[in-house]
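> Predicted model and sequence below, questions to follow.
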There are 2 protein chains.
Amino acid sequence: MNIQFKKGVLELCTLALLAKKNRYGYELVNEISKNISISEGTIYPLLRRLKNDGYVTTYLEESNEGAPRKYYQLTEAGKKMGKELKEEWLTFVKKVNGLLKGGVKDE
Amino acid sequence: MNIQFKKGVLELCTLALLAKKNRYGYELVNEISKNISISEGTIYPLLRRLKNDGYVTTYLEESNEGAPRKYYQLTEAGKKMGKELKEEWLTFVKKVNGLLKGGVKDE
DNA sequence: CAAGGTACTGTGTAATGCAAGGTATTAATT
DNA sequence: AATTAATACCTTGCATTACACAGTACCTTG
């Protein structure tokens, strides 16, 4: 998979998944990996960034298996950011697809 | 506009535009800028990379105004690369959009 | 202790932004 | 005619940023 396409999109995906329900980091990696190949070392720094920027809060919860899970929860700012990013993404895709098709017509 | 979304996509757009007809650098900047904001300093290094990788060849042609124009022309490898990148892009977009919608259903 | 689930860190890569520089041609000015 | 301005065009260098990859560390169960 083309690495470059992912830039900026992982943040969008993360916010979108968290908009559905709270999740812990390892779970996010697995969910996203179903569609887009990523590794843990990519998600955790991203989550820390989101927390530093005030888009998510975290809380710990015990797990039946393994270490306690750190759940991530969207703040109001995070929800807003998620919506905006999604809009930007959809607009961006339209523009790119426009370039892919057109380009000959005029001039 | 979200800078990160552009990563990898500019190459795709460039190859797509060149697939329609040969163009010179400055023209490419203007064409792409109609949809996606970029600057010359971004496109020229990209074009050089494409040339080094054997995806395009170049030839000079005089211009009525200003310096002679360096036209960029796709090689066979470039055409192939363009098609592949486009496929990858379309697939990628589908997957991302899938994540944006779904995410709750299963599990 | 072994194994696997979970969280985190550090270093490297690669694409883009931005700013600045450089060349060539035409038009305006002197 | 010579200088200058303006425009079109090409190039380079440094900073930024997100992601990959590999490695560390903890916890729990068997």
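Nice, thanks for sending it over.
> Can you tell me which residues in chain A are near chain B?
Contact residues (CB under 8 Å from any CB of the partner chain) of chain A with chain B: A:1-5, A:7-9, A:11-13, A:16-17, A:20-21, A:31-32, A:35-36, A:85-86, A:88-89, A:92-93, A:95-96, A:98-100, A:103-104. C-betas here are computed from N, CA, C, even on glycine.
> Just the buried residues of the residues you listed.
Buried residues within those, defined by neighbour count using 16 or more other CB atoms under 10 Å in any protein chain shown: A:2, A:5, A:7-9, A:11-13, A:16-17, A:31-32, A:35-36, A:85-86, A:89, A:92-93, A:95-96, A:99-100, A:103.
> In helices, which of these fall?
Secondary structure assignment by DSSP state H places A:9, A:11-13, A:16-17, A:31-32, A:85-86, A:89, A:92-93, A:95-96, A:99-100 of those in helices.
> filter those residues down to the ones close to DNA strand D.
When these are checked against DNA strand D using CB under 7 Å from any atom of the strand, the ones in range are A:9, A:11.
> Flag every buried residue along stretch A:51-58.
Neighbour-count burial for stretch A:51-58, counted by 16+ other CB under 10 Å, picks out A:51, A:55-56.
> which one of these is nearest DNA strand D?
The shortest separation between DNA strand D and any of the buried residues of stretch A:51-58 is 12.1 Å, and it belongs to residue A:55 (by CB to the nearest atom of the strand).
> show me the contacts for the closest one.
Residue A:55 sits next to A:15, A:74-75, A:77-78, A:81 when contact means CB atoms under 8 Å, 6 or more residues apart in numbering or on different chains.
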